[in-house]
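Q: Quick check, what structure comes out for this input:
(2 chains)
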Amino acid sequence: MTLAFTHPYGLLLLPLAFLPLFAGVQDTEPYPSLQTARSDPLSNAADLVLRLLGSLAIAGLVLGLAGLHRLGQSIERTGEGANIVLLFDRSASMNDTFAGDAPTTTGGESKSAAARRFLKEFVTTREHDRFGIAAFSTAPMFVLPLSDHRDATLGAIDAIEQPGLALTNVGKGLAMALSMHDSDILSTHGADGGISSRAIVLVSDGAAVIDRKVQQKLEAAFLKRPINLYWIFLRTEGARGIFDRPGPNDMDTPRAMPERHLHLFFQNLKIPYKAFEVENPAALGEAVATIDKLERRPMRYQERIPQKDLSGVVYAVAALSLFLLTLVKLAEVRLSDRGLSQPAGRGHPEEQ
Amino acid sequence: MSGDPVPAAPPPADIPYRVPWRAAGVRIGAHRGTVEGSGGLFRDHDLLVRTKDPRRIDLRMSLRDPFENLHVKRFEQRTSVTVYALVDLSASLGFSGSVRKIDVAADLCGAIASSARRIGDSFGMIGCNEKVVPACFWPATTSRGAEAEMVASLRGFSPADQGTLGRGAHGLIDAAAFIAGRRKLVFLISDFYLPFGTIEAVFEALSEHDVIPIVLRDPRELRDLPRYGLVSLADLETGKRRLYVMRPSLRRALIREEAENAKRLRALAMRFGHPPFEVAGRVDWDRFGAYLMGEAA
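A: Coordinates of the predicted model:
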């Protein structure tokens, strides 16, 4: 725990805390002689405690004035998890239901809404994961860098609710997801020791042809840094699936069957890759659960603890001490204030 | 304690002290002495040829003598004694309870001094802390003026401001050397908050005299201790502070120990002659008189 002070020069007053140890807090009265009077252990202990209380009160006030606070810091912890970039397809068709209708007409859940629901659950259950979010349609959109800010991640997932845009450009989206991992490795200086798993979860309802040049670049990038790739394909009813084999009359080309060829491209990347073809919300949930199971590797992560103002604590300690000292002060008895009604000797009037 | 002390009840005309021994002084006074003279008390007979005082011829005795000597009555000469007050001026005497202890001591000295003057005894006063205090050193005198000065010097003395000299009362032993000689009447005025060895040494040093110990106490020292509460006390002699968390058991224990100390002091004082007279607060002159006539006589 690192402590710091807002006004360190206020600590110059700290030696004042030794004052009660020497001077005492009580109002003392002269007494002829204490040599013969017994020393009471309980009273001596109380004396010490009161002196310490006095010191504590002054020290608390001085520390509070100096602005004691704990510096923000990060603690390295080990847990299970992964660095995951969620890559969303933001094409317009994502707003349709799995049946291909607009959600308002049928009352069904849109694909994006279902994806949002399950991914939020996923994010909430994965405590130690770091999430990044990217989206793509015609161009990739950088949403949120890899971070452990859960609220921001959930917020970013919520933002997918906005109606999507035109087309699907998977290649650029993947490139952005990869670059997010790259920049994250750079920015964390490999603090995780390279042991934690890195994954990209691609959520889309369609596929598109990836340019040959882009394919080569992606291949090179994935070769450089093996990253687990999960493709959750939200298949609209009646649309082609990723596992469909071409019929005898069909042309087996990327342009004719983009889903199948994108799947093949991913398979050929020589990286851990898994595709889920999802046709209804329940299947989406299963797919997410499978990813949850697969992405369990030990990782080191930094838990960040924000700066904390401790002056309230020290003021509270000081206030408590002062309160106790006030009670003690009220319990004090002055001998010279007593005995006025008990005249000494033969009954001469006492001093007024 | 407010500044101006309330005047004490005026002491009685005379402190009725008397000495149970024959004073060896030659000055004419009020006490029985060893010297023959014109006092009223018959002492013995002697031959006229030896005493050469024909005024006191005892005819009956002379006629009864078969050898026909002339006998003369001899009478005791009443003599005066020297009275000293040895006052402990250690810092603890600076305590102000219901009254300033130093004022009580001054009251006592003033009363004894005026009584002594009236019956022709000489009175002296020696104040002592660790050493004999020069400002309060008054050799015995019968002078009238000295009496007021003695009391004034005592009242003006501040025992608490004497530094390390106020730590004890060993000066009382030194003072014994100043008053050595013929047997004197010595009032030893102190609070007797002294180590027991010191008290014993003082009594031993004064053993040739007739010592009347007067213990100055104050109700505030003990009787007024509260049953509950916090009392913070500072020792006047050492300056040490002590906190007492008062409770009935502690109060009882303190009072019991004080009573035990008083008992030990009494036993010690009795070994050297008289039991001590305890003054609580102001001097109760009647009780003091009764004590002098009774226990101390």
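Q: All the strands of the stretch 151-297 of chain B, residue numbers only.
A: B:185-190, B:210-217, B:229-235, B:241-246, B:277-280 (DSSP state E, counting those that start in this stretch).
Q: possible to save those strands as CSV with distance to A:Ala4 and mean pLDDT?
A: In short, each C-beta sits where N, CA and C put it, glycine included. Formatted as CSV, those follow (distance: least, CB to CB, whole Å; pLDDT from 0 to 100):
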stretch, distance to A:Ala4, mean pLDDT
strand B:185-190, 62, 93
strand B:210-217, 60, 92
strand B:229-235, 39, 86
strand B:241-246, 38, 87
strand B:277-280, 63, 91
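Q: what sits against B:Glu258?
A: A:Thr36, A:Ala37, B:Leu222 (CB atoms under 8 Å, 6 or more residues apart in numbering or on different chains).
Q: What about those residues, which are in helices?
A: Those of these mapping onto helices are B:Leu222, per DSSP state H.
Q: Can you pull up the most central residue in chain B?
A: B:Phe187 (1.1 Å; CA atoms, centre = their mean).
Q: wait, doesn't that residue sit right on B:Ala105?
A: No. The pair B:Phe187 and B:Ala105 fails to qualify as a contact (CB atoms under 8 Å) at a distance of 9.8 Å.
Q: what about the strands in chain A?
A: A:3-5, A:29-31, A:68-70, A:73-89, A:130-136, A:140-147, A:197-204, A:228-234, A:273-278, A:297-305, A:308-309 (DSSP state E).
Q: Now find how far off-centre the third one is within its chain.
A: Translated: strand A:68-70. 21 Å (CA atoms, centre = their mean, to the nearest Å).
Q: neighbouring strands for that strand, and are they parallel or not?
A: strand A:3-5 (antiparallel), strand A:308-309 (antiparallel) (DSSP bridges).
Q: Any chance of the contacts of B:Glu258 in TSV with distance to A:Gly72 and neighbour count as columns?
A: TSV is the format used below for the contacts of B:Glu258 (distance: CB to CB, whole Å; neighbours: other CB atoms under 10 Å in any protein chain shown):
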residue	distance to A:Gly72	neighbour count
A:Thr36	61	16
A:Ala37	56	21
B:Leu222	61	18
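Q: one step back: tell me the most buried of the strands of the stretch 151-297 of chain B?
A: Stretch with highest mean neighbour count among the strands of the stretch 151-297 of chain B: strand B:185-190 (a mean of 26; mean count of other CB atoms under 10 Å in any protein chain shown).
Q: tilt between it and strand B:210-217?
A: 20 degrees (axes from the mean of the first three to the mean of the last three CA atoms, to 10 degrees).
Q: quick one: is strand B:185-190 near chain A?
A: No. Figure legend: strand B:185-190 not in contact with chain A (CB under 8 Å from any CB of the partner chain); closest approach 10.7 Å.
Q: For that strand, which strands pair with it and how are they oriented?
A: strand B:82-88 (parallel), strand B:210-217 (parallel).
Q: and stretch B:220-238, does that touch chain A?
A: Yes. Applying CB under 8 Å from any CB, one finds stretch B:220-238 in contact with chain A at B:220-221, B:223-226, B:228-238.
Q: Just read off the phi/psi values of the residue of the stretch 151-297 of chain B found nearest chain A.
A: When distances are taken as CB to the nearest CB, the stretch 151-297 of chain B reaches nearest to chain A at B:Gly281, 2.6 Å away. For B:Gly281, the backbone dihedrals are phi 80, psi -120 (criterion: degrees, to the nearest 10).
Q: looking at it, it is touching B:Gly97, isn't it?
A: Yes. B:Gly281 lies in contact with B:Gly97 (CB under 8 Å); the separation is 6.8 Å.
Q: Helices of the stretch 201-350 of chain A, start to end?
A: Ranges of helices within the stretch 201-350 of chain A are A:212-224, A:258-267, A:281-294, A:311-331, based on DSSP state H, counting those that start in this stretch.
Q: tell me which strands and helices the second one is in contact with?
A: I take that to be helix A:258-267. strand A:228-234, strand A:273-278 (3 or more CB pairs under 8 Å, 6 or more residues apart in numbering or on different chains; DSSP states H and E).
Q: ranking the ones you listed by burial, who's on top?
A: Buried most deeply of those, by mean count of other CB under 10 Å, is strand A:228-234, with a mean of 24.
Q: Go ahead and measure how far that strand is from the middle of the chain.
A: For strand A:228-234, the distance to the chain centre is 26 Å (CA atoms, centre = their mean).
Q: Can you report the mean pLDDT over the residues of that strand?
A: Strand A:228-234 carries an average pLDDT of 86.
Q: And for stretch A:15-23?
A: pLDDT averaged over stretch A:15-23 gives 86.
Q: and the gap between the most centrally placed residue in chain A and chain B?
A: In chain A, the centroid-proximal residue (CA atoms, centre = their mean) is A:His149; its distance is 4.5 Å. Distance check for A:His149 against chain B: by CB to the nearest CB, to the nearest Å, it reads 55 Å.
Q: What residues does that residue make contact with?
A: Counted by CB under 8 Å, 6+ apart, A:His149 has zero contacts.
Q: Do you know the pLDDT at it?
A: You'll see A:His149 listed with a pLDDT of 81.
Q: by how many degrees do the longest helix along chain B and strand B:210-217 diverge?
A: Assignment by DSSP H gives helix B:248-271 as the longest helix of chain B. Angle, helix B:248-271 to strand B:210-217, by the same axes, to 10 degrees: 170 degrees.
Q: and the closest residue to chain B within the stretch 101-250 of chain A, what is it in contact with?
A: Of all residues in the stretch 101-250 of chain A, A:Glu127 sits closest to chain B, at 53.6 Å by CB to the nearest CB. By CB under 8 Å, 6+ apart, A:Glu127 lies in contact with A:Gly79, A:Gly81.
Q: Next, the angle from the longest strand along chain B to strand B:82-88.
A: Looking across chain B with DSSP E, the single longest strand is strand B:28-47. Between strand B:28-47 and strand B:82-88, the angle comes out at 140 degrees (the same axes, to 10 degrees).
Q: Quick one: neighbours of residue 257, just the number.
A: Just going to use chain A. Using other CB atoms under 10 Å in any protein chain shown, the number of residues around A:Met257 comes to 22.
Q: that's the wrong chain, I wanted chain B
A: Neighbours of B:Glu257 using other CB under 10 Å come to 14.
Q: same deal with B:Gly281?
A: B:Gly281, neighbours per other CB under 10 Å, totals 26.
Q: do you know how far it is from B:Val104?
A: Distance from B:Gly281 to B:Val104, counting by CB to CB, to the nearest Å: 8 Å.
Q: Same question for A:Arg255.
A: 123 Å.
Q: tell me the pLDDT at the closest residue to B:Leu41 other than its chain neighbours?
A: Spatial nearest neighbour of B:Leu41, chain neighbours left out: B:Glu76 (4.4 Å); criterion: CB to CB, 6 or more residues apart in numbering or on different chains. For B:Glu76, the pLDDT comes out at 85.
Q: can you list the weak-confidence ranges in the stretch 151-297 of chain B?
A: B:296-297 (pLDDT under 70).
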